[in-house]
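> 3D model of this:
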Amino acid sequence: MTEYEFLADTMGRLIQGLPITLELAAISVFSGMVIAVLLAVARAASRPAEMFVRAYVFVLRGTPLLLQIFMIYYGLGQFAGVRQSILWPLLRQPWWCAILALTLNTAAYGSEIVRGGLNSVPAGAIEAARVAGMSRFTRYRRIVLPIALRQALPAYGNEMVIMVKSTSLASIVTLMEVTGIAYAIISETYRALEVFLCAGSIYLVLNFLLTRAIAVLEHWLNPHVRRART
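I've put the predicted structure just below:
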C-alpha cells in the first residue's frame, strides 16, 4: 500500500466515527447551554442558589474533564444506590456517561459566559421594561435573555469549538469516535504521525465550519452592526 493509499484508507475509516463525534458535540452543547442559562439565572435569583452555582462552577472548572469522565464512568457504579436506581441502565453505558460528563463540564463554563452576558444588559433597557409594566418573567424572556445571549455568543462560540475537540476524550471510555478509531488504526499499523494528521484535519474542518456558522449567526443577530457597515 502506497502512502497516498494509506492516507485515503485512514481518512475513510476515521470518517466512519464522525457521526458519533457530531452527536456527542451537538447533544452536549445543546443540553449544556440549557443548563448554563438556568444556572446563570438561578445565580441572580437568590443567595442560596448563588452559593450552589458558585460551588458547581468551581468544582467543574477546577478539575480536568478527563478526570470527570473517569469519575462518572468508573465511579458512579461503586454506589449501590446508583446501581439500583432507574438511571443505572443509562449510566452503565459509556455513551451516556460521556454525554453527562461533557454536558456538566460545558454547563459550568457556559454559565459564566451567560452571566457575563446578563451583566452586560443595559440598566436602561431593564428600567424601560419595568416602566412598560412587564413582569419579571416577561422582562427576562423578551429583553434580558435575548440581549445577554447575543452579547455572549462570541465567547460561547469558543466554548462550542472546545467541546468539539473535547469529544476526543470519549475514546477513553471505549467510544469509537474519530480519535477512538485513530487509536485503533495506530495499534494496527504503528503509523501515529499519519493517522493523527488525518484525525487532526477532520477536527480542523469541523471547527472551521462551526466558526463560520457562528460568525453568520452573530452577523444576523446584530442588524445595527450591518447597517453601520453599509
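> quick one: the helices in the chain?
3-15, 18-43, 47-62, 65-70, 80-83, 88-91, 94-119, 123-131, 136-139, 145-166, 178-189, 192-221, 223-229 (DSSP state H).
> residues touching Phe137, list them.
By C-beta atoms under 8 Å, 6 or more residues apart in numbering, the contact list for Phe137 is empty. For glycine as for every other residue, the C-beta is placed from the backbone atoms N, C-alpha and C.
> With Met11 instead?
Contacts of Met11 (C-beta under 8 Å, 6+ apart): 198, 201-202.
> Tell me the most packed of those residues, by neighbour count.
Highest neighbour count within the contacts of Met11, by other C-beta atoms under 10 Å: Cys198, with 22 neighbours.
> how close does it sit to Val29?
24 Å (C-beta to C-beta, to the nearest Å).
> can you check Pro89 too?
Taken as C-beta to C-beta, the span from Pro89 to Val29 is 25 Å.
> Neighbour count: these two, which is higher?
Higher neighbour count among Pro89 and Val29: Val29, with 22 against 9, using other C-beta under 10 Å.
> is it true that that one touches Met163?
Yes - using C-beta atoms under 8 Å, Val29 is in contact with Met163, at 5.3 Å.
> what is in contact with those two at once?
Both Val29 and Met163 are contacted by Thr106, under the criterion C-beta under 8 Å, 6+ apart.
> What pLDDT is listed against the residue nearest the centre of the chain?
Residue closest to the average C-alpha location in the chain (C-alpha atoms, centre = their mean): Val29, at 3.4 Å. pLDDT, Val29: 95.
> on that earlier part again, of the helices of the chain, which is nearest Ile172?
For the helices of the chain, the distance to Ile172 is smallest for helix 65-70, at 6.3 Å, taking C-beta to C-beta.
> Tell me which other helices or strands the closest one touches.
helix 94-119 (3 or more C-beta pairs under 8 Å, 6 or more residues apart in numbering; DSSP states H and E).
> which secondary structure elements does the helix it packs on contact?
Packed next to helix 94-119, using 3+ C-beta pairs under 8 Å, 6+ apart, are helix 18-43, helix 47-62, helix 65-70, helix 88-91, helix 145-166.
> I'd like those written out as a markdown table, with distance to Leu102 added.
Below are the helices and strands packed on helix 94-119 laid out as a markdown table (distance: least, C-beta to C-beta, whole Å):
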| stretch | distance to Leu102 |
| --- | --- |
| helix 18-43 | 4 |
| helix 47-62 | 11 |
| helix 65-70 | 8 |
| helix 88-91 | 14 |
| helix 145-166 | 6 |
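> closest one to Glu194 among those helices?
Set against Glu194 and scored by C-beta to C-beta, those come closest in helix 18-43, at 18.2 Å.
> Check which residues of that closest one are buried.
Residues of helix 18-43 classed as buried: 20-21, 24-25, 28-29, 31-33, 35-37, 39-41, 43 (neighbour count, 16 or more other C-beta atoms under 10 Å).
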